[in-house]
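Colleague: Sequence first, predicted model second:
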Amino acid sequence: MEKAYCLEMDKIVSPYEARDYYFSDEHETKEKLTFYCPDPECLLKITSANIYKQSMIQRAPHFKIRPKTEHEQNCTFYEVRADQITKEEESGTRQRKGAIKSNVFPTELSLEPPTKTPPKTKIASKEDEDLDIEKIRPRVKRVATEYAKTYSTKTRSFENVVDCFEQAVSEEDRTSLLTINDKTKYYKNFFKPIKYFSDEEGLIYYGEIEPIKPYGKNYSITFKDKVFHDGNYIKVAMYITHELIQQYRKKKFFIETIEQLAELELPASCYFVGAYPKLKTVNTSKTKQQFDVFNVDIANLDHLVIKFTEKGR
């Protein structure tokens, strides 16, 4: 399932939006979230996978239905999404196993920062299973009535877009259209290996990275592939400062994740968007020597994704 109604957020969300909220500093309790089918006349209890895992995720976050449960017969959500359900799901596997991931590729990535989810009073209950569905039904109706009429594939989750690129195996997937700012391209053309970044600005750049190096409360990320420029091979690197981390709405999550990455030194790849490497001359404090580097100035940590490579999992 690509969408679910989240009780705590009081709106219909994607698994990436739910994951983003769960790890944000505003969700202090870190209690697991409650999900239902988006259709207000169905409200089937939904569960999730990989939303609460902090790092080293091998499968993308997704919603799934519980074993031995089904949507209501007239569930609009199920009907609207039927054209994207596989033959295996249509034959009943979807209800029995409930572990099918989303195959919907976002058509637009917004680089605007997300708005905060307003605080909400949690419904008192001894167990989540004991929630009275009638208590939440009016609340769901207000946010879900238009769901059957339109299905938005716009996202603010860069991680969602990266996952789709990594999972694109068919030519149909690879030639799905994606829009970022004023550019619209095939997925396969939007992702540019870092050593060819000079081909075009405004793309998503990626490549394998060296082990992350901590410098006090700052971190250095360097790509393995160097860029040939004016007869020399020059490194591409980014410096994540403590000040930038402190401005981030998921700073606790980011610090814990990058510290783990730096400590384990596992093979990883880095993706970034909304920034473009620029040539910079760096003066070393110890040797007083100078060297050139293509510096990536990341202004928003939402636009940075680090993934463990297959051999590092």
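Modeller: Sure, I can see it.
Colleague: Tell me the confidence at Asp130?
Modeller: The predicted structure scores Asp130 at 45 on the pLDDT scale.
Colleague: could you measure Ile204 against Ser198, distance?
Modeller: With distances defined as C-beta to C-beta, to the nearest Å, the gap from Ile204 to Ser198 amounts to 15 Å. No exception for glycine: its C-beta is placed from N, CA and C like everyone else's.
Colleague: Mean confidence (pLDDT) on stretch 281-292, please.
Modeller: Per-residue pLDDT values over stretch 281-292 give a mean of 81.
Colleague: From the opening residue of it to its closing one, how far?
Modeller: Start to finish, the residues bounding stretch 281-292 are 4 Å apart (C-alpha to C-alpha, to the nearest Å).
Colleague: Now do the buried residues in it.
Modeller: Within stretch 281-292, no residue is scored as buried using 16 or more other C-beta atoms under 10 Å.
Colleague: which other residues reach that stretch?
Modeller: Contact with stretch 281-292 is made by 229, 232, 234, 279-280, 293, as judged by C-beta atoms under 8 Å, 6 or more residues apart in numbering.
Colleague: so which of the residues you listed is the most crowded?
Modeller: Neighbours were tallied for each of the contacts of stretch 281-292 (criterion: other C-beta atoms under 10 Å), and the maximum of 20 neighbours falls on Val293.
Colleague: thought Lys217 was touching His242?
Modeller: Yes. Assessed by C-beta atoms under 8 Å, Lys217 is found in contact with His242 at 3.8 Å.
Colleague: after the lowest-mean-pLDDT helix or strand in the chain comes which helix or strand?
Modeller: Taking all helices and strands of the chain together, the one with the lowest average confidence (mean pLDDT, DSSP states H and E) is helix 94-97, at a mean of 36. Read in the C-terminal direction, the helix or strand following helix 94-97 is strand 108-109, with elements assigned using DSSP states H and E.
Colleague: who touches that following strand?
Modeller: Outside of strand 108-109, the residues within contact range by C-beta under 8 Å, 6+ apart are 153-156, 158, 161, 178-180, 273.
Colleague: Appreciated, that's everything.
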